Each structure stands twice: as structure tokens, then as C-alpha cells.
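**Student:** Need the 3D shape of this:
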Amino acid sequence: MSAPKLSKLFRPSPEVELSKEQEARLKVLQNAGTTPRDERFPSTNQALHCWNRYNEWVLCQQQSDEEKCTPLRGYAESICPSPWTEEWDEQREAGTFSGIGNRIDQEGHKHH
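**Tutor:** This next block holds a predicted model:
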């Protein structure tokens, strides 16, 4: 017997009435996913995969509009521990982030 799909587990019974906020939360849960498999990172330690996904999002934000970059941020958040992304966000705001974000500015100029 196979396990039910996750989206089916998050369906309320027909007699349950949900508020708009509850419906919105349910929709987020039903559509939740994780970053696609990346052949560059075949091992079980996904720290480098996390680091690259976060930096891909940073580069996207520097080169494109925020809406286009939303899925990349989602990939980073799905594979990275929250304390890591929170710390990197704080470092970027403080200008101390060691990733790609401090090496290329908004106009695409490299910093050394």
C-alpha cells in the first residue's frame, strides 16, 4: 500500500469551513516543495548546495526584478537551515557577506 500524496493529507473534510487566512495557509502547504535535484551535489551533505542556491538568489536580485527571483529564494530556504539564511541576510545588510553578493554590485562591477 502506498502512502497518500502530501497534498491529499492537507485537505480538510468537506464539513469544515476555513477562514480566508486558513485557506491561504493551506494553499502554501499544499504547494510546498524543495529545490530540484542538482547533479553537481550528489552527496548527502547539502551545505555546498545550500550555499550555491543562496548565492544564485543574490545574483538574480542584483541582475533582475525581485518577482523573477522568488523561486530561487524558495530553493535556498528549502535546503538551507533558517539560521544560515538569516545570518547571511544580516551579513548582506551589514556589507560583510562573504558570498558573491559583495563581489558584484548592482551595476555588475566586480569588487576585489
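**Student:** how close does Ala24 sit to Asn31?
**Tutor:** 11 Å (Cβ to Cβ, to the nearest Å). Any C-beta I mention is one placed from the backbone N, CA and C, and that applies to glycine too.
**Student:** Please tell me how far the residue nearest the centre of the chain sits from Glu17.
**Tutor:** Computing the C-alpha centroid of the chain and ranking residues by Cα atoms, centre = their mean puts Gly74 first, at 2.2 Å. Note on Gly74: its distance to Glu17, by Cβ to Cβ, is 30 Å.
**Student:** In the one helix or strand Thr70 maps to, which residues are buried?
**Tutor:** Using DSSP states H and E, Thr70 sits in helix 66-79. Residues of helix 66-79 classed as buried: Cys69, Leu72, Arg73, Gly74, Tyr75, Ala76, Glu77, Ile79 (neighbour count, 16 or more other Cβ atoms under 10 Å).
**Student:** next SSE after that helix?
**Tutor:** helix 82-94.
**Student:** in this protein, which spans are helices?
**Tutor:** Along the chain, the segments classed as helices by DSSP state H run 6-9, 20-30, 47-63, 66-79, 82-94.
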